[in-house]
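Fold the following.
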Amino acid sequence: MSRPRPMFAPQAPRIVAVLCLVLATFIVVPAQAAVGPFTGYLMAHFTGESATGEQIYVAHSDDGLHWTDLNNGSPALVSTVGTRGVRDPAIVRSPAGDRYWIVATDLRIGSGTSWDNAANRGSTSLVVWESTDLVNWSAPRLLSVAAGISTAGNAWAPEAIYDPASSQYILYWATNSTVNGVRKHRIWYSRTTDFRSVTAPQIYINRAGSQGIIDTQIIEVPNSVGGWRYYRASGDGQLTIEAANSVLGSWTRLGDLSHMGLTGSDVEGPMWTRFNDRDQWTLWLDQYATGRGYMPLTSTNLGSTQNFTRTTAYNLGGTRKRHGSILNLTAAEESRVLARWPSTAANRLQSYNFQDRYVRHANFDVRIDPNVSPAADAQFRLVPGLAGSGTISFQSVNFPGYYLRHQNNDFVLAANDGGATFTADATFRRVAGLADSSWSSFQSYNFPDRYIRHYSYLLRLDPVATAAERADATFRLTS
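Next comes the predicted model:
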C-alpha cells in the first residue's frame, strides 16, 4: 500500500503516511512448478494519486529487471465499483494454471478523499476481477472482507496465496481497527476457494504495542532454499523478513534491512519475485520517501537478511510504479499478454508551414515549438480512437493516460476521465493533408467541419477555408 509522500499530502498524519497502498503483488502459488516453465514476467501496479493513477497498469520484462510499459502506459483495467479507484492489486494464479484473480484495495485518494477518512471511514471491501486466460477479465466486483471486524475503518493492501494444507487460498489484508483498546493497522486473513465468499476474518499479524503493519507479502521458495518453505516481508516500522514452513504456522523473525540503511521510513510495498532461470530472488521496495519508485535487492539465499545485495542494473520503464506485483509467465501467457496490451511507437507531429516546429504540450497547454525539451513533451502515440473504429487519439508519451483534446476550440493535454464528452473531444479522423496530400490533417470527430490547426503557434480546432489555414492544419508524423 503506497503511502503518500509528505510533499504530495502534507495533511496526512504520519501514521497514515506510512501507508503502503501499492498494487498488491502477483503471488507465486505452490503448484506453479507444475505450471511452468516460465519465460517472462508481468508486473501490475498503480502510478499514484493522479486522475487515472489509481487503476491497474501492467508492464512486461524478459529478465525480471528491465521493464516495458504495456498498453502504452495506460490503465489495463479500470474499476467501476466502490470508490472507482484501485491500489495494491494482487494477481493470483490457481494451482492448475486455469484461473486468475486480481484483488485490489478499493480506494481513490485522487478523488479528494483524505487519508484520515480513508483509514477510518473507508471501504471495507476489496475489488476483484476474474479471468481464465490472464487477459480477458470479468467486470470488477466488490468482496466484503472487513465489515465483520468491529470498528473496522478500511481494507487495504490485499494479498493471497494458495495453502496446500487446506486446499484454499489465504486472503490477507490490513484493517485499521480497535482491539483491546488499541487502534492500529493489523493484518487479517480469511480463507476462500473462489474469491466470492470468504470465512470470518481473523487476525494474522499483530505487532506489539502501538506498532501498526500495513504491507506484507509472502513468497514460496522451491526446495526450501535458505531452510524455509515460505518467506514474508512486512512494513512494520522496519522492513521485516520472517520465515515459516506453513502459511498459517509459526513464523520466525530473520531480521530486517536496517543494516542496509533501509527502514520503514525509507521504503515500503515489498514485492517478491524469483528469477525464471535460477535460484535467485528479488525483493523490490518502493522508495516512497524520495519518490524514486521501486529499487531491487537480490539474494540467492533468503535464510538471512545479510544475503541481500543492491543492484543498479534495472529499468522500470516510463510510468511511476507504486506497490506492485509480479507474476512469472509461461510462454503461452506471455504471448497472450503481449498481444492483448501492445505498445505503440511514439511519433512527433511536424508543422507543414513551420517545419522546424513540432506539436508539444507545456504546462498542459498545446502549441508548436522548435527544439522541444524535454523531447518527450513532443512525443505522442497514435492509438485507436477513444470514440470508435476508424479514428485515432493522441496519447502523451510522458503522461500516459493523458490525451490531446479540444476544449472551447483550444487544445489541452488532459487525463481521460472516461466521459462521453472527453472521448469525443479527444478523437479525430486522419485524412490526407489539406495543403499536401502526402502529409496529414486531423478532422474533429464531434465537429467534422473543424480540424486541428495552429494559430500564433497555439493549437486550435477551427474551420479551414483559406490556403494559409490549410497549411496551418497540415502535419507530418515523424519518429
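
in this structure, which helix has the most residues?
As assigned by DSSP state H, the longest helix anywhere in the chain is helix 331-340.

And the helices in the chain?
14-17, 32-35, 115-121, 331-340, 420-425, 467-472.

Among the ones you listed, which comes closest to Gly73?
Nearest to Gly73, of all the helices of the chain, is helix 331-340, at 15.0 Å by CB to CB. C-beta here means a position set from N, CA and C on the backbone, and glycine is covered the same way.

Quick check: the residue nearest to Asp62 when sequence neighbours are not counted vs Leu327, distance?
Closest residue to Asp62 apart from its sequence neighbours, by CB to CB, 6 or more residues apart in numbering: Gly40 at 5.9 Å. Going from Gly40 to Leu327 by CB to CB, to the nearest Å gives 10 Å.

Specify which residue of those two has the higher count of neighbours.
Leu327 (26 against 20; other CB atoms under 10 Å).

neighbours around Asp277, how many?
Look at Asp277: counted by other CB under 10 Å, it has 11 neighbours.

how far away is the residue nearest to Asp62 from Arg450?
Distance from Gly40 to Arg450, by CB to CB: 44 Å.

Could you dump the helices of the chain into TSV and include mean neighbour count, distance to Ser438 and mean pLDDT?
TSV is the format used below for the helices of the chain (neighbours: other CB atoms under 10 Å; distance: least, CB to CB, whole Å; pLDDT from 0 to 100):
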stretch	mean neighbour count	distance to Ser438	mean pLDDT
helix 14-17	17	55	34
helix 32-35	16	51	57
helix 115-121	18	54	96
helix 331-340	16	32	94
helix 420-425	17	28	95
helix 467-472	18	14	97
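
quick one, which of those is nearest to Asp266?
The closest of the helices of the chain to Asp266 is helix 14-17. By CB to CB, the value is 12.8 Å.

Okay, strands next: where are they in the stretch 51-200 of the chain?
Assigned by DSSP state E, counting those that start in this stretch, the stretch 51-200 of the chain shows strands spanning 57-61, 67-69, 86-93, 100-106, 125-131, 141-144, 156-163, 168-179, 182-192.

Other residues contacting the second one?
To tie it back to what came earlier, the one meant is strand 67-69. For strand 67-69, contacts defined as CB atoms under 8 Å, 6 or more residues apart in numbering pick out 43, 57-61, 315-319, 321, 343, 400.

Just the buried residues of those residues.
43, 57-61, 316-319, 321, 343, 400 (16 or more other CB atoms under 10 Å).

which pair in those spans the largest distance?
Across the buried ones among the contacts of strand 67-69, the two lying at the largest distance from each other (CB to CB) are Ser61 and Pro400, at 17.6 Å.

Report how many residues lie close to the closest residue to Tyr172 other than its chain neighbours.
Nearest non-adjacent residue to Tyr172, counting by CB to CB, 6+ apart: Tyr189, 4.0 Å away. By other CB under 10 Å, 23 other residues sit near Tyr189.

ok, so what distance separates Tyr189 from Leu126?
13 Å.

wait, isn't Asp436 in contact with Asn353?
No: the criterion here is CB atoms under 8 Å, and Asp436 misses it with Asn353 at 10.0 Å.

between the two, what contacts are shared?
Thr474.

Got phi/psi on the residue lying closest to Gly388 once chain neighbours are set aside?
Closest residue to Gly388 apart from its sequence neighbours, by CB to CB, 6+ apart: Thr427 at 7.2 Å. With angles defined as degrees, to the nearest 10, Thr427 sits at phi -120, psi 140.

Burial check on Thr427, number of neighbours?
Neighbours of Thr427 (other CB under 10 Å): 22.

Would you check that it makes contact with Gly390?
No: using CB under 8 Å, Thr427 is not in contact with Gly390, being 10.1 Å away.

distance of Phe275 from Ile326?
Phe275 is 11 Å from Ile326, where distance means CB to CB.

er, Met271 I mean
Taking CB to CB, one finds Met271 at 6 Å from Ile326.

can you pull out the strands in the stretch 301-450 of the chain?
In the stretch 301-450 of the chain, the strands defined using DSSP E, counting those that start in this stretch lie at 309-310, 322-330, 348-351, 358-362, 365-369, 380-384, 392-396, 402-407, 410-415, 428-432, 440-444.

Where does pLDDT dip in the stretch 201-350 of the chain?
Applying pLDDT under 70 to the stretch 201-350 of the chain flags no residue at all.

Let's see that with 90 instead.
Where the stretch 201-350 of the chain drops to pLDDT under 90, the residues are 222, 288-293, 313, 315-320, 322-324, 342-346.

Where does the record place the domain boundaries for this structure?
Listed domain ranges for the chain are 14-340, 348-478 (source: automatic domain parsing).

quick revisit: ok now do the residue nearest to Gly388, which residues does it touch?
So Thr427 contacts 385-388, 391-393, 445-446 (CB under 8 Å, 6+ apart).

Among the residues you listed, list the two that are farthest apart in space.
Greatest spatial distance in those: Ile392 and Asn446, 14.2 Å, computed using CB to CB.

what's the overlap in contacts for Phe275 and Ile326?
Common neighbours of Phe275 and Ile326, counting by CB under 8 Å, 6+ apart, are Gly64.

of those two, who's got more company?
A count of neighbours by other CB under 10 Å puts Ile326 above the other of Phe275 and Ile326, at 26 against 17.

Just give the closest residue to that one, not the sequence neighbours.
Nearest to Ile326 is Thr273, by CB to CB, 6+ apart, at 4.1 Å.

Quick check: the residue nearest to Tyr172 vs Thr175, distance?
11 Å.

First-to-last residue distance for stretch 442-450?
9 Å (CA to CA, to the nearest Å).

how long is stretch 235-245 from one end to the other?
First-to-last distance for stretch 235-245 - CA to CA - comes to 21 Å.

all numbers from here: first residue = 738
Sounds good: first residue 738 from here, last item stretch 972-982.
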